[in-house]
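mind folding the following:
(2 chains)
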Amino acid sequence: MIQIKSIVEAALEDCKKDGTLKLELLPEVLLETPKQADHGDLSTNVAMVLAKSEGKPPRKIAEAIVSHIKVPSDVLAAVSIAGAGFINFKINPGFALNTLTEIFKQGPDFGKSKMGGGKKVQVEFVSANPTGPLHVGHGRGAVYGDALSRLLSAAGYKVTKEYYLNDAGVQMQTLGRSVLLRMKELQGEKVEFPENCYQGAYIKDIAAEVLAKNKNFGSEEEAIKFCGDYAGAKIHDEIVADLKDCGVTHDVYYYESTLHKKNLVADAVEFLRKRGYVEDREGAIWFLSTKFGDEKDRVLKKSDGFYTYFAADIAYHKEKFDRGFDYVIDVWGADHAGHVPRMKAAIEAMGHDPKQFDAVLIQLVNLMRGGELISMSTRSAQYETLRTLLNEVGKDVCRYFFLMRSHDAQLDFDIELAKSQTMENPVYYIQYAHARIASVFAKAHANGVSLDYNHVDLSLLTLPEELAITRFLGEYPALVEEAAKELTPHKISFYLLELARRFQSYYTKGNKEPAYRFLTDDPKMTLAKCYLLKNIQIVLKNGLDLLGLSAPDRMDSQEE
RNA sequence: GGGCCCAUAGCUCAGAGGAUAGAGCUCUUGCCUUCUAAGCAAGAUGUCGCAGGUUCGAUUCCUGCUGGGCCCGCCA
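Residues are numbered from 1 along each chain as shown, chains lettered A, B, ... in the order given. As a prediction, the model looks like this:
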């Protein structure tokens, strides 16, 4: 791929030198794999891009370029001009097959790149308040953030996964009060349970636990504080456990209370004031976010003397950059969309390049069962917890479903489909491909075939599917870079599905056509076929790893 | 009312400034003495929401409209 690109670039240089083309500035040569296989292995549209600046028809330009390319060569088998001015390349099979050597050599590192140049990236995700269990929406954000982190690491960034823990302020008090009230209820007291208190059944369980401790509180305030702290810690532990069962972990838990203790919130406000973006008005302190395109200014410190959540968040983001991150990504639920402009404004006001910050919005999840929407009302809270979902469908399925859609499209998560073992549930299909390959190796081993990949004759791989799959494998590293750049891990899901599909089709042909069987009477042929399989397996495994999915060597039937 | 996201096959969704717009499900028909049938092959379906604009070329980019979702507090 890179070789082809430089061949075209060299041809362009030559055109310029001998005056065939003006080429005031050299265009970027973009290569793509044509959808139509008979168009060639690779194609470029440079000639069409140049049509305007050169003032010549695209086909004429294409002819000029092609006349400066040497064919056939080690790399190229043929070059042709087609359509409006596409230049199509046929790659020498022998050259294309070198991809396999490359994949095999790199193994688990195949697909990794240095694109990120070791830049420090922080991905902040989940950051759910410790006031109740995670729901499926959190789950989607969690799995997305985790997969994105893996993706960025693979692309050469140094990634820190962080969870911002909102352990200060009103809500912890509300949590404490909720628990205390339930305790009183359990002691037979008749209490009015306010609507703004946490309604979930888990509050009652915690209340019972606290009661069992037989604590004596000096004051109601002290009781609320204790209950809030106790419940917060307990709920947070459960959140961490839920995440872990989802394969999601964080490197850093950052506590909001730390910001207050270190006076960082006040510092951040003063920092902004010094830069001229803060004003005192109506007894409150305001951030002039409208200077950066926000629709209105935002309060940092309320007239009651307390800082807003936003002020703390600014302090937190200041802290992120102070800690030396080059690039900060926040993964938020779509309901926080309105917060993006003000956060961007704050980042800019603090003197950072807005390009160093991205807020990714995760659209909501509709939980379904057999085509029926499960109501998201608070009453049915237990149906929408991540925990129940995990218990019902398992980690891999759960992760894959969250990662098989673009994050900015709403997701229908049908539990019945997720439990099925058909193509409606592609995670099994992909894992099956990996397992099938393992199974072939096991069979080879049982037959006493030794697979020494040091001396493989690649020229034995001549079937069209073998060349096509090899080419497809070769696209994987560019895909990883693209997905990392675009923050779109779902592209990996689609790639894996396509790879699995190509493999399954190739595999099944062996049922009918001996030429397609892997384990043959000819040891050299067997070795070459298995080498290809090994490489397919490596890429499947690497991709599954990126998504945090297991790559099993066998599929254990889940039939009852 | 304003902002953000979405609109592509009957359903769930990919795709992308370029060649004949894809996949799965569904429906029909075949394929297990062979390396796992959680599989494969073949066949069907499209006004890429509507209207303009930019472009050699738009389903893709821009504007407006329509429909659906989310948001719009000195809450967190």
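
please count neighbours and contacts with C-alpha atoms only from this point.
Noted.

what stretches of chain A score poorly on pLDDT?
Within chain A, the stretches with pLDDT under 70 are A:1, A:375-383, A:557-560.

right, and residue A:20 touches residue A:64 too?
Yes. With contact defined as C-alpha atoms under 8 Å, residue A:20 reaches residue A:64; the gap is 6.8 Å.

so for those two, which residue has more residues nearby?
Comparing residue A:20 with residue A:64 by other C-alpha atoms under 10 Å, the one with more neighbours is residue A:64, at 18 against 13.

which residues are in contact with that one?
By C-alpha atoms under 8 Å, 6 or more residues apart in numbering, residue A:64 lies in contact with A:15, A:20-21.

return the distance of it relative to RNA strand B.
Relative to RNA strand B, residue A:64 is positioned 17 Å away (C-alpha to the nearest atom of the strand, to the nearest Å).

buried stuff in the helix or strand where that residue lies?
Using DSSP states H and E, the element containing residue A:64 is helix A:58-67. Within helix A:58-67, the residues that count as buried by 16 or more other C-alpha atoms under 10 Å are A:58-59, A:61-62, A:64-66.

any idea how far residue A:220 lies from residue A:180?
Separation of residue A:220 from residue A:180 (C-alpha to C-alpha, to the nearest Å): 9 Å.

quick one, which of these two is more surrounded?
Higher neighbour count among residue A:220 and residue A:180: residue A:180, with 26 against 11, using other C-alpha under 10 Å.

which elements pack onto whichever strand or helix holds that one?
Assessed by DSSP H and E, residue A:180 sits inside helix A:170-186. Counting contacts by 3 or more C-alpha pairs under 8 Å, 6 or more residues apart in numbering; DSSP states H and E, helix A:170-186 packs against helix A:201-212, helix A:220-245.

could you dump the ones you listed into JSON lines with distance to residue A:480 added?
JSON lines is the format used below for the helices and strands packed on helix A:170-186 (distance: least, C-alpha to C-alpha, whole Å):
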{"stretch": "helix A:201-212", "distance to residue A:480": "42"}
{"stretch": "helix A:220-245", "distance to residue A:480": "25"}
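
residue A:315 versus the residue nearest to residue A:277 when sequence neighbours are not counted, what's the distance?
In this structure, residue A:277 finds its nearest non-sequential neighbour in residue A:288, 5.2 Å apart by C-alpha to C-alpha, 6 or more residues apart in numbering. According to C-alpha to C-alpha, residue A:288 stands 16 Å off from residue A:315.

residue A:528 too?
From residue A:528 to residue A:315 the distance is 59 Å (C-alpha to C-alpha).

before we move on, what about residue A:91?
Note on residue A:91: its distance to residue A:315, by C-alpha to C-alpha, is 55 Å.

my guess is residue A:393 contacts residue A:414. True?
No. Judged on C-alpha under 8 Å, residue A:393 makes no contact with residue A:414 at a distance of 10.4 Å.

give the contact list for residue A:289.
So residue A:289 contacts A:277, A:295-298, A:342, A:345-346 (C-alpha under 8 Å, 6+ apart).

actually residue A:300, sorry about that
By C-alpha under 8 Å, 6+ apart, the contact list for residue A:300 reads A:269, A:284-287, A:307-308, A:310-311.

just the element for the closest residue to it other than its chain neighbours, please.
Nearest non-adjacent residue to residue A:300, counting by C-alpha to C-alpha, 6+ apart: residue A:311, 4.9 Å away. Assigned by DSSP H and E, residue A:311 belongs to helix A:309-322.

can I get the very next helix or strand once past that helix in CSV, CA atoms only?
Note on helix A:309-322: by DSSP H and E, the next helix or strand toward the C-terminus is strand A:327-333. Provided in CSV are the C-alpha atoms of strand A:327-333 (Å, rounded to 0.1, in the frame of the first residue of the first chain):
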residue,chain,number,x,y,z
TYR,A,327,-5.4,15.5,24.5
VAL,A,328,-8.4,15.2,26.7
ILE,A,329,-11.5,13.2,25.8
ASP,A,330,-14.7,13.2,27.8
VAL,A,331,-17.3,10.5,27.1
TRP,A,332,-20.7,11.8,28.1
GLY,A,333,-24.3,10.7,27.7
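
which helices and strands does strand A:327-333 pack with?
If you count contacts as 3+ C-alpha pairs under 8 Å, 6+ apart, strand A:327-333 packs onto strand A:120-124, helix A:136-154, strand A:357-362.

and the strands in the stretch 401-550 of chain A?
Using DSSP state E, counting those that start in this stretch, the strands of the stretch 401-550 of chain A run over A:411-414.

how many residues are close by the residue of it at minimum distance from RNA strand B?
Per C-alpha to the nearest atom of the strand, residue A:510 is where the stretch 401-550 of chain A lies closest to RNA strand B, at 2.9 Å. A count of nearby residues for residue A:510, using other C-alpha under 10 Å, gives 14.

cool, and residue A:242?
Residue A:242 has 21 nearby residues by other C-alpha under 10 Å.

excluding chain neighbours, give the residue nearest to it in space.
Computed as C-alpha to C-alpha, 6+ apart, the closest residue to residue A:242 that is not its neighbour in sequence is residue A:387, at 6.2 Å.

let's verify that neighbour: helix, strand, or coil?
Secondary structure, DSSP: H, G, I helix; E, B strand; the rest coil: residue A:387 is helix.

show me the domain layout of chain A.
A:2-91, A:170-245, A:426-547 (automatic domain parsing).

list the contacts for the closest residue to residue A:406 other than its chain neighbours?
Among residues not flanking residue A:406 along the chain, residue A:490 sits closest, at 5.9 Å (C-alpha to C-alpha, 6+ apart). Neighbour list for residue A:490: A:403-407, A:483 [criterion: C-alpha under 8 Å, 6+ apart].

tell me, which of these make contact with RNA strand B?
With C-alpha under 7 Å from any atom of the strand as the criterion, these include A:404-407 near RNA strand B.

other SSEs contacting the helix or strand where residue A:10 lies?
If you go by DSSP H and E, residue A:10 is part of helix A:2-17. Judged by 3+ C-alpha pairs under 8 Å, 6+ apart, helix A:2-17 is in contact with helix A:58-67.
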